[in-house]
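S.K.: Fold the following and give me the result.
(chains A and B)
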Amino acid sequence: MKVHEFQAKELLQAHGVPVPRGRVARSPEEAEVIARELGVPVAVKAQIHAGGRGKAGGIRLAASPDEAQEAAAQILGRVLVTHQTGPEGRLVRSVLVEEALRPTRELYLAVVIENALGMPVLMASDAGGVDIEEVARATPEKIVKAPVDPYLGFQPFQARALGRRLGLTGRTLTEFAGIAYSLYRLLREEDAELAEINPLALTNGRLVAIDAKLILDDNAAYRHPDRPADQEMTELERMAKEHDLSYVELDGDIAIIGNGAGLVMSTLDMVAHFGGRPANFLDVGGGASTEAMKQALAIATRKPGVRALFVNIFGGITRCDDIARGIVENRPSVPMVVRLTGTNEEEGRAILEAQGIRAFTDPVEAAREAVQLCAGRVQEVRHGHPR
Amino acid sequence: MAILVDEQTRVLVQGITGYQGEFHTRQMLAFGTKVVAGTSPGKGGSTVHGVPVFDTVEEAVKETGATASCIFVPARGAKDAALEAIASGLDPVVIITEHIPVHDAIEIVAYARQKGVHVVGPNGPGLASAGRCKIGIMPNHLFQQGKVGVVSRSGTLTYEIVAALTRAGLGETTAVGLGGDPVVGMTFVEVLELFESDPETQAVVLIGEIGGSAEEEAAEYIARRFTKPVVAYIAGRTAPPGKRMGHAGAVISGTEGTAQSKIEALRAAGVAVADLPSDVPGLLQEILGSSGNS
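M.R.: Numbering: from 1, shown residues only, chains lettered A, B, ... in the order given. Here you go, the predicted model:
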């Protein structure tokens, strides 16, 4: 789960990392009050789960409280499109108003979990303040790394060595090492997958985290009852999460339901292969019950613009008869193609056939049929004969 | 032969008295797996499908000579269970449990590495050597002893492809599901190394998906060292960046982890990449046919 910048900064501060003074505002008036309290100039920053806000007009400087109010009015309620949001953009519901600092130097510092190593890695660069993926592509030599042995834990010498490789000296070097240690502790104690400060800026001789990104591990949520809720899920994504279904909204018109992440991804690919456009990714998970399947059907077909539904099930722990019962008990109103094979396949087929639903065995035939069915629907709608 | 597990493997099921543990113990026994013991703290002395249950792994190993473990313990207790199995020297340790926190997985994998134990998973279907031994939850009826090794990051997609191999008459040696989490025990490269030295395995199917760089690392190894034919399938060609597609490991960030980058790396290493899962057996037959079935 991603959290907003202001939430990331609250956690950084709690772990001893210096951040600019500031507060979150949900209205222009609130922004004005905060700017007055802090003293100007201030930065007014859109709070969305995506980078590239500056270029998209989501970060503004204000030289007076009035200007802060005006900036907030322009940003709040706007849909911000950045290179990380996709074309649909993200609605801005809050802004962070904080003191504007003038850095003399911008660094990058992060602790990430490197999957291939299976351990956290400390990463730093003196090319801070820009997209680090761009730095990695264009000038990989500007990024220095140190893996952290999970049994040894983080050692201060590692951070000092990284700091020296960036050319840091004196008090800045020891401050940098302290911040790196705090960031690693935050990663472990908050169960984060990524803790990133970019830029870590040198301002009036002190290092300050001007922007920060945190990704928290959803699987560890039970260890952190105080965590904020994800505010950027769509209503359908929230419904799915409540029922332990894995749902991602896409922009096509064929709703997809399957069991197992890999199988569902491959189902999306098959539909696209035959020229169709998937409306979503929906994994009912292993051992899905009749109830879970009914919920999945409700969620997948609720999205506006869905013209057909493709259910692709390979029963293992999941039983085909449970799935079939879910389908007949919550039969969708859109045309549907079902592919059913694996555990209790015969029972599942019998349940569907009693209701006049034919199930495919072959996934490719079924995918082709789903795409044709959807194209047929488009034709019908164009000719004025919906359904 | 086969890899990792065979007729000699004596399996301990951790979490054997739970819903999944009990059900899949029965399935594993039906497959022909020698399930010799189970553990469930506080329930030592009972039996599940005739399998004796112990309180600790230490006792179970001492009493039954178990050599490998299968873990169904829920996420909150899974790290403890895995460390207990590794500490007792069981190998492989197969972790079926999903939703294990990534920092727990990091500790499990680090300890396994230190002890030289193979960990399969977490969040995977386990592994099976056709006709010999299954540890995990793959459906029994899919398998037919044969000549193809399978290694995969996905569960149900593995079933899909194993079923297709069986239908095509190719059959399998061992199928290994690595697990869908960002940090897992065994990697593609480690499994490929074992297939390389297994005389029964004549070709390998590699099933990958978006996210991370495991497929690219496999491609590099295949180009350098691997002498047997490989056919690959990569799921997630149409997945949008930044969205997590079910598996915690399946998220594209920036330009890293795209299906395109993986497919290109594999093709450059001489791997035949299938467009659809159902194309896999045909590609294999073409390659095996042309190389004189050797």
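S.K.: so which strand or helix has the closest residue to chain B within the stretch 201-350 of chain A?
M.R.: Closest residue of the stretch 201-350 of chain A to chain B, CB to the nearest CB: A:Gly262 (2.4 Å). (Each C-beta comes from the backbone N, C-alpha and C, glycine too.) For A:Gly262, the host element (DSSP states H and E) is helix A:261-273.
S.K.: swap in B:Thr174?
M.R.: Element membership for B:Thr174 (DSSP H and E) is strand B:172-177.
S.K.: residue contacts, residue 271?
M.R.: As the question left the chain open, I've gone with chain A. Shown in contact with A:Val271 (CB atoms under 8 Å, 6 or more residues apart in numbering or on different chains): A:Gly252, A:Ile254, A:Ile256, A:Arg277, A:Pro278, A:Phe310, A:Ala367, A:Ala370, A:Val371.
S.K.: please go with chain B instead
M.R.: Counting by CB under 8 Å, 6+ apart, B:Val271 has contacts B:Leu206, B:Ala219, B:Ile222, B:Val230, B:Val231, B:Ala232.
S.K.: what about 6 Å?
M.R.: Listed by CB atoms under 6 Å, 6 or more residues apart in numbering or on different chains, the contact set of B:Val271 reads B:Val230, B:Ala232.
S.K.: Next, work out how far apart it and A:Leu340 are.
M.R.: Using CB to CB, to the nearest Å, B:Val271 is found at 32 Å from A:Leu340.
S.K.: With B:His99 instead?
M.R.: Distance from B:His99 to A:Leu340, by CB to CB: 27 Å.
S.K.: What is the nearest of the contacts of A:Val271 to B:Ile210?
M.R.: Among the contacts of A:Val271, A:Pro278 lies closest to B:Ile210 (CB to CB), at 14.5 Å.
S.K.: ok, that closest one - how many residues close by?
M.R.: 25 (other CB atoms under 10 Å in any protein chain shown).
S.K.: so what's it bridging to?
M.R.: The partner list for A:Pro278 in beta bridges (DSSP bridges) reads A:Ile254.
S.K.: quick one, what contacts it?
M.R.: A:Leu250, A:Gly252, A:Ile254, A:Ile256, A:Leu268, A:Val271.
S.K.: Where do the helices of the chain begin and end?
M.R.: Since no chain was named, I'll use chain A. In chain A, the segments counted as helices under DSSP state H are A:5-14, A:28-38, A:65-75, A:132-138, A:156-165, A:170-189, A:235-242, A:261-273, A:290-302, A:320-329, A:345-354, A:363-382.
S.K.: should've been chain B
M.R.: B:19-31, B:57-64, B:75-87, B:102-115, B:156-167, B:188-196, B:214-224, B:259-268, B:280-290.
S.K.: quick one: pLDDT of the residue nearest to the spatial centre of chain B?
M.R.: Centroid check for chain B by CA atoms, centre = their mean gives B:Gly177 as the closest residue, at 2.4 Å. Looking at B:Gly177, its pLDDT is 97.
S.K.: Tell me who's in contact with it.
M.R.: B:Gly177 makes contacts with B:Gly124, B:Pro125, B:Ser152, B:Gly155, B:Thr158, as judged by CB under 6 Å, 6+ apart.
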